[in-house]
Structures are given as C-alpha cells and as structure tokens.
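Asker: Model the following, please.
(one chain, ligands or ions: 1)
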Amino acid sequence: MSLFDKFGTLAADRTALLSTGMDPFGAPLEEVYSATEAKIGGRRVILAGTNNYLGLTRAPECLKAAHDAIDREGTGTTGSRMANGSFAGHRALEREIAAFYECRSAIVFTTGYQANLGMISGLARQGDVLMIDGDSHASIYDGCKLSGADVIRFRHNDAEDLDRRLQRLGDKAPSALVIVEGIYSMLGDRAPLREIVEVKRKHGCMLLVDEAHSMGVLGAKGRGLVEEAGVMGQVDFLVGTFSKSLGSVGGYCASNHPELEFIRYTSRPYVFTASPSPSVIASTRAALALLRDGTELRTRLWERAGELHRGLLDLGYQLGAGISPVVAALVDTREQAIGLWRGLFEHGVYVNLILPPAAPGGKSLVRCSVSAAHTREQIQKILAAFADLREIAAAPALKSHG
Ligand SMILES: Cc1ncc(COP(=O)(O)O)c(C=O)c1O
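Answerer: As a prediction, the model looks like this:
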C-alpha cells in the first residue's frame with residue numbers, strides 16, 4: 001500500500017486525456033494578447049473560457065493603478081491582515097465595497113475561495129447547522145468542512161426543499177446559516193433568491209449569498225442577484241470575488257451585522273495567510289470604480305451573451321440555463337465533451353472542459369464564458385466553430401434537442 005495508490009484511476013484518466021495531444025486542465029497561456037485572445041499550444045485562440053466578464057484585465061485605469069501601487073508600495077505585503085498585511089489600500093477597498101452594497105462594513109480576503117472558507121468557518125462551528133444548496137461551489141463545501149458544523153444539503157434551487165429541511169430542524173432553525181450562489185458556475189443558472197429570502201424570513205435564520213459569478217453581471221448597478229431580485233437589505237452576508245468581473249484576485253464579504261468585525265479574529269483563512277498585494281488591491285479598486293460608474297460594459301456583456309446563447313440554441317445545442325454569461329453546452333458522454341473541447345481548440349476557440357464529477361448530475365459539458373470585451377466577430381467565430389463540430393456532439397443529446 002502506498003500513498004500514491006489512490007492516484008491510479010486519475011493517472012489512467014489523465015493519460016487518456018493527454019493522448020488527445022493537449023491537457024485541457026493545464027494548458028498554459030503562452031502569450032496573452034488581450035482580454036479575449038492568447039496563444040495556447042502554439043495556436044492563437046479566442047478566449048471563451050475565462051471569467052473576465054467585463055474584460056477589465058486590460059482596462060488602462062486598472063493597469064495604471066496597479067503600476068503606481070507597485071512603485072509606491074512594492075510587490076507584496078509579506079504578511080497576513082492580522083500582522084503586517086493590512087495596508088491603507090485594503091481598508092479603503094473594504095470601505096468602497098461596503099459603500100457599493102450600501103452595507104455597514106466589508107472584509108477583504110486573499111482569494112474568493114478563502115472568502116467562503118473564512119466566512120463559513122468563521123461564523124459556524126461544531127453544533128451549528130449549515131444549509132447549503134446541493135450544487136454549491138467547492139469553496140462552500142470546504143468552508144463547511146473546516147467549520148466542523150453539521151451540513152445539510154437541500155435540492156438545487158429548491159426553496160420548498162429548503163423550507164422543509166429548516167422545518168425539521170425545529171428550535172435550531174433560527175441559528176442555521178443558509179448558503180446559496182447568485183449565478184451557479186457550472187450551468188449558469190440563478191438561485192430563486194426571492195423565494196429563498198422568504199424561507200429565511202419565515203424561519204428567522206441567516207443567509208449568505210456568494211455572488212462570485214453575478215457581481216458586475218446582474219443588477220442595475222452590477223451588485224449581483226441580490227440587486228436584481230430586489231432583496232439587497234435582506235441578505236446577511238454578501239460574498240464575492242475579485243477574480244471575475246473585477247479582473248484581479250481576492251475575495252470579500254459585505255454585511256450590515258456589526259459582528260462581521262469578529263471574523264477578523266475567528267477566521268483562520270483570514271488570519272493565517274498573506275494579504276493581497278498592493279497592485280492587486282489598487283487594480284481592484286480601479287475596476288470597482290469603473291463598474292460603479294458605468295453600465296456600458298454590462299450592457300455589452302448581455303448583448304454578447306444573448307448572441308452566443310441564441311446561436312448555440314439555433315445550432316441545436318442543449319444549454320445549461322437561459323441567457324447568461326456562463327454558457328454550458330451539454331453532451332451525453334465524457335468522450336463527446338473531450339472531442340468537442342479538442343475540436344473547438346483546433347478551430348481556435350478556448351473553452352473549459354467539465355467532466356464528471358465536477359458538474360451537477362454527473363454531466364459532461366464545455367463551458368463558455370462571455371466577456372464584454374468579445375467582439376461580435378469573435379462571437380460569430382465561436383459559433384462557426386460550434387457549427388462545424390455539431391456531429392461530434394450530435395448523439396444523442398443534440399438529436400433530442402436539435
Ligand atoms: C461560486 C464561486 N465561489 C467562489 C469561487 C472562488 O473564487 P476565486 O477563484 O476567486 O478564489 C469561485 C471560483 O470559481 C466560484 O465559482
């Protein structure tokens with residue numbers, strides 16, 4: 001028996017994947033030309049599998065802010081927020097996020113992953129109850145594990161199932177924390193947030209919403225599903241990431257509860273890791289200002305998302321959800337998904353390959369994400385590639401929906 005024995009199946013799967021000539025899960029971007037184009041495997045490709053929803057990774061304002069911060073404050077903080085890693089910029093960003101959500105305060109974490117880990121494990125401990133959507137992101141599951149609390153999963157996007165399960169908790173229901181996401185990252189669908197807020201109100205428990213994929217994307221001011229659903233003041237904890245719409249890296253939680261401050265002391269993922277570097281904080285602040293002050297990018301994002309969505313439906317592809325910047329093309333088998341991914345790559349289109357068990361229900365799919373930086377021509381090229389590859393994905397998922 002060796003520690004490595006457990007890698008047997010993984011090694012076989014990996015060898016099969018690599019035999020296609022590319023590693024879909026590790027191919028580096030050799031050169032990055034723009035928010036939507038790069039060189040991968042020696043080929044110039046359209047990037048249709050990033051989370052760069054607003055295309056802000058190349059915004060001049062963000063680049064300049066990052067450059068200035070490096071010149072002013074250096075390359076890194078070399079410490080945790082608790083020790084030497086809280087700079088004026090971290091605090092300023094926290095104030096700006098709080099103001100953006102019209103909340104009392106906010107906390108910045110080093111990644112979005114750590115924001116979930118840090119909030120969930122900072123709030124709950126052994127004996128507490130966490131009620132999570134069954135299709136939650138790994139960071140939510142890992143936060144639950146780290147907390148040591150009891151974890152109850154309710155059926156994906158099913159407020160009635162949540163209600164039933166809270167009912168069964170009896171006296172304990174008011175102390176439960178319910179956790180959902182704004183837009184789910186695998187299929188691009190949204191939580192039924194109004195109904196979930198109703199259930200939360202009925203049972204008097206707390207609600208955390210992870211807006212990782214919906215911040216900057218949904219709502220009149222880009223504040224996510226909470227804004228779109230009109231429930232901004234009714235959610236206890238708003239979690240999100242800087243690594244998608246804001247084009248950098250880091251995470252946050254905004255809340256009206258004064259107790260949020262205690263998370264700075266109880267949360268190991270906040271206390272025991274280095275804080276985001278000054279350039280990251282500076283570009284994030286610049287991106288947040290762009291997001292706050294304009295709607296043009298969001299309008300363009302939704303136009304492009306609609307074009308891709310309608311185009312794929314016309315081609316007969318089965319999609320994971322209604323129009324969304326996350327566009328999942330579902331197929332029946334992992335071989336079809338690998339073939340589609342590989343074919344798209346050969347057509348100069350880079351997307352994400354999702355194989356079981358990563359997607360809900362053991363589905364295989366390729367996931368595109370749309371960016372405001374995509375041109376109409378790029379969306380047409382992506383669609384032309386999907387059109388050429390219809391046959392690969394054609395049986396039987398496409399046939400039944402084509
Ligand atoms: C729903 C959700 N939450 C949290 C995260 C983690 O964010 P980050 O990659 O910025 O650490 C992700 C990342 O994809 C996500 O999809």
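Asker: all contacts plus neighbour counts: C-alpha atoms, from now on.
Answerer: Will do.
Asker: my read: residue 61 touches residue 286, true?
Answerer: Yes - between residue 61 and residue 286 there is a contact at 6.2 Å, judged by CA atoms under 8 Å.
Asker: who's more crowded, these two?
Answerer: residue 286 (23 against 16; other CA atoms under 10 Å).
Asker: how about the more buried one, what does it touch?
Answerer: 61, 62, 65 (CA atoms under 8 Å, 6 or more residues apart in numbering).
Asker: Off-centre distance for stretch 124-132?
Answerer: 23 Å (CA atoms, centre = their mean, to the nearest Å).
Asker: now do the same end-to-end measure for that stretch.
Answerer: 13 Å (CA to CA, to the nearest Å).
Asker: same thing with stretch 207-215?
Answerer: Stretch 207-215 has its terminal residues 17 Å apart, counting by CA to CA.
Asker: now do stretch 143-162
Answerer: Rule used - CA to CA; the end-to-end distance of stretch 143-162 is 20 Å.
Asker: quick one: buried residues of that stretch?
Answerer: 143-154, 156-157, 159, 162 (16 or more other CA atoms under 10 Å).
Asker: so which pair among those residues is furthest apart in space?
Answerer: 146 and 159 (25.6 Å; CA to CA).
Asker: start to end distance for stretch 250-269?
Answerer: First-to-last distance for stretch 250-269 - CA to CA - comes to 12 Å.
Asker: right, I mislabeled it, should have said stretch 40-54
Answerer: 22 Å.
Asker: Now look at it and say if it contacts the ligand.
Answerer: No - contact of stretch 40-54 with the ligand (CA under 6 Å from any ligand atom) is absent, the minimum separation being 8.2 Å.
Asker: which parts of that stretch are buried?
Answerer: For stretch 40-54, by 16+ other CA under 10 Å, it's 40, 43-54.
Asker: Need the phi and psi values for whichever residue of the stretch 301-402 of the chain sits closest to the ligand.
Answerer: Residue of the stretch 301-402 of the chain nearest the ligand, by CA to the nearest ligand atom: residue 326 (10.7 Å). Main-chain torsions, residue 326, degrees, to the nearest 10: phi -100, psi 110.
Asker: what number of residues lie near it?
Answerer: 31.
Asker: same for the helix or strand hosting residue 97, what does it pack against?
Answerer: For residue 97, the element it lies in under DSSP states H and E is helix 88-100. When contacts are defined as 3 or more CA pairs under 8 Å, 6 or more residues apart in numbering; DSSP states H and E, helix 88-100 packs onto strand 105-109, strand 251-255, helix 278-293.
Asker: How far off centre is it?
Answerer: Per CA atoms, centre = their mean, the centroid offset for helix 88-100 relative to its chain is 21 Å.
Asker: now stretch 183-195
Answerer: 11 Å.
Asker: ok, it near the ligand or not?
Answerer: Yes - judged by CA under 6 Å from any ligand atom, stretch 183-195 comes into contact with the ligand through residue 185.
Asker: now that stretch: mean pLDDT?
Answerer: Stretch 183-195 shows a mean pLDDT of 97.
Asker: Can you name the residues in contact with it?
Answerer: 135-137, 157-159, 180-182, 211-214, 225-226, 229-231, 319-322, 324-328, 359-360, 367.
Asker: Please pick the buried ones from those.
Answerer: Buried residues within the contacts of stretch 183-195, counting neighbours by 16+ other CA under 10 Å: 135-137, 157, 159, 180-182, 211-214, 225-226, 229, 319-321, 324-328, 367.
Asker: So which of those residues are in helices?
Answerer: Among the buried ones among the contacts of stretch 183-195, the residues falling in helices (DSSP state H) are 159, 225, 226.
Asker: what separates the last one from residue 183, distance-wise?
Answerer: With the distance defined as CA to CA, residue 226 ends up 11 Å from residue 183.
Asker: Residue 62 against residue 289, yeah?
Answerer: No - in this structure, residue 62 is not within contact of residue 289 by CA under 8 Å, at 9.7 Å.
Asker: which of these two has more neighbours?
Answerer: Between residue 62 and residue 289, counted using other CA under 10 Å, the more crowded position is residue 62 (27 against 16).
Asker: and that one, which of the three is it?
Answerer: Counting by DSSP: H, G, I helix; E, B strand; the rest coil, the backbone at residue 62 sits in helix.
Asker: Residue 30 too?
Answerer: strand.
Asker: That one against residue 41, yeah?
Answerer: Yes - with contact defined as CA under 8 Å, residue 30 counts as touching residue 41 (7.5 Å).
Asker: Run through who's touching stretch 119-129.
Answerer: 130, 140, 143-144, 146-152, 172, 175-177, 253, 263, 266-268.
Asker: tell me the contacts of residue 94?
Answerer: Residue 94 neighbours (CA under 8 Å, 6+ apart): 105, 106, 107, 108.
Asker: Of the residues you listed - the most surrounded one?
Answerer: residue 108 (30 neighbours).
Asker: my read: that residue touches residue 250, true?
Answerer: Yes - between residue 108 and residue 250 there is a contact at 7.2 Å, judged by CA under 8 Å.
Asker: And the residue nearest to residue 359 when sequence neighbours are not counted, its phi and psi?
Answerer: Of all residues not flanking residue 359 in the chain, residue 186 sits nearest, at 6.0 Å (CA to CA, 6 or more residues apart in numbering). The phi/psi pair for residue 186 (degrees, to the nearest 10) reads phi -80, psi -50.
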